[in-house]
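Novice: predicted model, plus sequence, below.
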Amino acid sequence: MLSTDIHLASEKLRSGEVVAFPTETVYGLGADATNESAIAKIYRTKGRPGNNPLIIHTDCVDSVARYVTLRERSRVMGQFLRLQHLWPGPLTIVFPDKHDSICDLATSGLTSVGVRVPNHPIARELLAATDLPIAAPSANRSTYVSATTAQHVSDCFGQDLFILDGGQTSVGLESTIVKIEENGPAQLLRAGLIRQEELSEALGELVELGPKLGGAPGREKDCAMLSPGQFRKHYSPKTPVRLFNDRGSLASFIEQNSKQSTGLLLFSKETAIHGKNSVLRTLSESGDHHECAQNLYAALRELDNRQLDLICIERPKNGPLYEALIDRIERAAEK
Ligand code: TXA
Ligand code: MG
């Protein structure tokens, strides 16, 4: 059910129900992180493996200390102070020690916990009114494309789910995730709008790339997964996706495979490609990365609904969101 009633949504969260709500990145599927049975509903609803921890959302930076154990004058405390001006915003910080009030299921049994203060008026009002730590993964079925409109959420979960409608999200890709630790460098676990360089500058030291972003694996010993969220297949439409290095190779593939029905996803207008069995979607006329990010998931979902044989995507050009865009597209293309 689509709604704009923030008060009702907050009551539902407080009584242990699952509610979908908009953030500036993608829609989230929220529940009370202190309530184990509410969190179990999230995993069930999404079909999410139990070893993939959730991000905790709160409306203000000052509340973080209620959900995370921070020691005075520790390195983690220092790094947190250096990063906190990036909140509210599309950044998740993984802290080494969750507070006991956050149930174990929310972090898949890890002691570490990801926290984010989203920058969306509806999310902030909802979080403030609820006054609880709200665990919220992206509001899509596990491995499917994230939702950037309330309708996307409803397409995934149907009428029974309570969905706060906040229109189209502005960023369009999930938050950047940085992990901070008492010993050892900060690690970028997921690329997003806030870039590695920006984090390194804020911290005054180099942020390393985590394993899935091409960094060295193996520092994470305390959990069953190398690093959670490492599942390669993610953000994937049902239709097969193929990635092309440039427009020329995409154009010749279309010419040679004209019998196949194809969706063509391009990052800029430039030279057009035509195929008689092709549906063309341009994410941004000018190739603006922010516009591409905002439109990517809606375009993927729309093409996926057309029963095509294949979705062809060209590699984005270099630009501010290259790492974030290529990460999502490579995983969409993963079999
Ligand atoms: O933009 C976003 O971050 C959205 C909105 C709703 O806030 N949420 C989101 O959640 O993308 P989700 O669950 O789809 O992705 C969270 C990622 C997963 O890859 C998970 O493994 C990782 O964050 N994560 C969560 N807690 C972690 C932890 N303690 N250590 C390492 N990774 C963690
Ligand atoms: Mg997700």
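Specialist: Yes, it's here. Residues are numbered from 1 along each chain as shown. Ligands and ions are numbered 1, 2, ... in the order given.
Novice: so what touches the host helix or strand of Q79?
Specialist: For Q79, the host element (DSSP states H and E) is helix 75-83. The contact list for helix 75-83, computed with CB atoms under 8 Å, 6 or more residues apart in numbering, reads 64, 70-71, 91, 93, 95-96, 178, 180-183, 186, 199, 202-204. C-beta: built from backbone N, CA, C; applies to glycine.
Novice: how does it look with 6 Å?
Specialist: By CB atoms under 6 Å, 6 or more residues apart in numbering, the list of residues contacting helix 75-83 from outside reads 70, 180, 182, 202-203.
Novice: what is the orientation angle of the very next helix or strand once past it with helix 75-83?
Specialist: For helix 75-83, the following helix or strand on the C-terminal side (DSSP H and E) is strand 91-95. Angle between the axes of strand 91-95 and helix 75-83 is 170 degrees (criterion: axes from the mean of the first three to the mean of the last three CA atoms, to 10 degrees).
Novice: same for strand 91-95, what does it pack against?
Specialist: Other helices and strands packing on strand 91-95, by 3 or more CB pairs under 6 Å, 6 or more residues apart in numbering; DSSP states H and E, are strand 113-116, strand 176-179.
Novice: okay if I get the ones you listed as JSON lines plus mean pLDDT and distance to D165?
Specialist: Putting those into JSON lines (pLDDT from 0 to 100; distance: least, CB to CB, whole Å) gives the following:
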{"stretch": "strand 113-116", "mean pLDDT": "98", "distance to D165": "21"}
{"stretch": "strand 176-179", "mean pLDDT": "98", "distance to D165": "26"}
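Novice: closest to ligand 1 out of those strands?
Specialist: In this view, the helices and strands packed on strand 91-95 are compared for proximity to ligand 1 by CB to the nearest ligand atom, and strand 113-116 is the closest at 3.4 Å.
Novice: quickly run through the sheet partners of that closest one, with directions.
Specialist: Each strand that pairs with strand 113-116, with its direction, by DSSP bridges: strand 55-57 (parallel), strand 91-95 (antiparallel).
Novice: now those strands as CSV including mean neighbour count, mean pLDDT and distance to ligand 1?
Specialist: As requested, the strands paired with strand 113-116 are arranged in CSV below (neighbours: other CB atoms under 10 Å; pLDDT from 0 to 100; distance: least, CB to the nearest ligand atom, whole Å):
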stretch, mean neighbour count, mean pLDDT, distance to ligand 1
strand 55-57, 26, 98, 5
strand 91-95, 26, 98, 4
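Novice: redo those as CSV? Include distance to S10.
Specialist: Output for the strands paired with strand 113-116, formatted as CSV (distance: least, CB to CB, whole Å):
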stretch, distance to S10
strand 55-57, 13
strand 91-95, 22
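Novice: phi and psi next, for the spatially most central residue of the chain.
Specialist: In the chain, the C-alpha nearest the mean C-alpha coordinate belongs to E174, at 2.5 Å (CA atoms, centre = their mean). For E174, the backbone dihedrals are phi -60, psi 160 (criterion: degrees, to the nearest 10).
Novice: who's in contact with the residue in the stretch 51-200 of the chain that ligand 1 sits nearest to?
Specialist: The shortest separation between the stretch 51-200 of the chain and ligand 1 is 2.9 Å, found at P137 (distances taken as CB to the nearest ligand atom). Taking CB under 6 Å, 6+ apart as the contact definition, P137 lies against 29, 54.
Novice: where's it relative to T239, distance?
Specialist: Here the distance between P137 and T239 works out to 23 Å (CB to CB, to the nearest Å).
Novice: equivalent analysis for L264, please.
Specialist: 12 Å.
Novice: quick one, which of those two is more surrounded?
Specialist: Between L264 and T239, counted using other CB atoms under 10 Å, L264 has the larger neighbour count: 26 against 19.
Novice: and that one, helix, strand or coil?
Specialist: strand (DSSP: H, G, I helix; E, B strand; the rest coil).
Novice: surely it meets S278?
Specialist: Yes: contact criterion CB atoms under 6 Å: L264 and S278 qualify, at 5.3 Å.
Novice: how deep is the closest residue to D165 other than its chain neighbours tucked in, by neighbour count?
Specialist: The spatial neighbour of D165 that comes closest, neighbours along the chain excluded (CB to CB, 6 or more residues apart in numbering), is A150 at 3.9 Å. By other CB under 10 Å, 23 other residues sit near A150.
Novice: now for A150: which residues touch it?
Specialist: A150 sits in contact with 2, 163, 165, where contact means CB under 6 Å, 6+ apart.
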